[in-house]
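A.B. asks: just coords:
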């Protein structure tokens, strides 16, 4: 009995020492490299409350109910037949899409800090802005299974460059707030980086780039997440692959929308 108590005390002391060491390491890091706001660079948090409140939030009531473009509630300039034709499509392969903010200088700073400078803590801040946009009917219907969150997977080169899959981390943080699970349903694409391409180039680059993961199951309802919707080509091709997997209802959610 005494030996058991000694082992418990030793384990407890080791745990306390490890915790203290971690706290000291964090304090040292904050002293040398203080946490700064991704937008204004003021020390304190990765996204300060002032900058959060001033983000260009998209008004849901003015946005397109299908593609989520701002000011498209009456006549959408983004998912009309002409614009869809430029993407080689006659309709959208998902039911609806919503984005939290318009992609401008502030959003660009947040996304760059998150994806390219490795500030992973921004995933929680972004998820807290995205999650309230999801209507209940996207998640659950009477008598049906709850939705499953999935994400647009990064290419292997991007994953190697960044050290993490930004969309996966964002989906995980958002799904936790929504109370649903996360599953990897799509195989990693072999496409080129989209950021240097125009609308038609993005569309051509993404055609057939996504495919269902061989081991993936087929959930009936899926919430597809990504960080930025630019032309919609990436989300559309990913939704095509989810449809091929057998997913009946696909809804899309992104942090920012290019406008």
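C.D. replies: That came in fine, so what should we check first? Please read all numbers here as calculations on a predicted model, not as lab measurements.
A.B. asks: Quick check, residue 37 in contact with residue 51.
C.D. replies: Yes: using CB atoms under 8 Å, residue 37 makes contact with residue 51 at a distance of 5.6 Å. The way it works is simple: take the backbone N, C-alpha and C, and place the C-beta from them, glycine included.
A.B. asks: Tell me which of the two has more neighbours.
C.D. replies: residue 37 (21 against 18; other CB atoms under 10 Å).
A.B. asks: Tell me where this structure has helices.
C.D. replies: 2-32, 49-53, 81-86, 105-115, 122-130, 136-139, 156-162, 166-178, 199-206, 233-245 (DSSP state H).
A.B. asks: which one of these has the lowest average pLDDT?
C.D. replies: Sorting the helices of the chain by mean pLDDT places helix 2-32 lowest, at a mean of 54.
A.B. asks: Is the residue nearest to residue 172 when sequence neighbours are not counted bridged to anything, and to what?
C.D. replies: Closest residue to residue 172 apart from its sequence neighbours, by CB to CB, 6 or more residues apart in numbering: residue 182 at 5.3 Å. On the basis of DSSP bridges, residue 182 is bridged to residue 149.
A.B. asks: these two touch, right, residue 210 and residue 240?
C.D. replies: Yes: between residue 210 and residue 240 there is a contact under CB under 8 Å: 7.0 Å.
A.B. asks: Those two: which has the busier surroundings?
C.D. replies: The neighbour comparison of residue 210 against residue 240 (other CB under 10 Å) goes to residue 210, with 24 against 20.
A.B. asks: quick one, what contacts the more buried one?
C.D. replies: Residue 210 makes contact with 152, 186-187, 189, 237-238, 240-241 under the criterion CB atoms under 8 Å, 6 or more residues apart in numbering.
A.B. asks: switch the cut-off to 10 Å
C.D. replies: By CB atoms under 10 Å, 6 or more residues apart in numbering, the contact set of residue 210 is 152-153, 185-189, 191, 234, 236-242, 244.
A.B. asks: gap between it and residue 62?
C.D. replies: Separation of residue 210 from residue 62 (CB to CB, to the nearest Å): 30 Å.
A.B. asks: How about residue 155?
C.D. replies: 34 Å.
A.B. asks: more crowded one of those two?
C.D. replies: The neighbour comparison of residue 155 against residue 62 (other CB under 10 Å) goes to residue 155, with 17 against 12.
A.B. asks: Surely the residue nearest to residue 172 is in contact with residue 127?
C.D. replies: No: using CB atoms under 10 Å, residue 182 makes no contact with residue 127, being 11.6 Å away.
A.B. asks: any common contacting residues for these two?
C.D. replies: Common neighbours of residue 182 and residue 127 (CB under 10 Å, 6+ apart) are 171-176, 225.
A.B. asks: which one of these sits closest to residue 142?
C.D. replies: Relative to residue 142, the closest of the shared contacts of residue 182 and residue 127 is residue 175; by CB to CB it sits at 21.3 Å.
A.B. asks: okay, now that closest one: neighbour count?
C.D. replies: Neighbours of residue 175 (other CB under 10 Å): 24.
A.B. asks: For the nearest residue to it once chain neighbours are set aside, which residues are in contact?
C.D. replies: Spatial nearest neighbour of residue 175, chain neighbours left out: residue 149 (3.9 Å); criterion: CB to CB, 6+ apart. Applying CB under 10 Å, 6+ apart to residue 149 gives the contacts 134, 139, 170-172, 174-176, 178, 180-183, 185, 219, 222-225, 253.
A.B. asks: one more time with 6 Å, if that's ok
C.D. replies: 171, 175, 180, 182, 223 (CB atoms under 6 Å, 6 or more residues apart in numbering).
A.B. asks: The first one contacts residue 225, correct?
C.D. replies: Yes: with contacts counted by CB atoms under 6 Å, residue 171 reaches residue 225, the gap being 4.3 Å.
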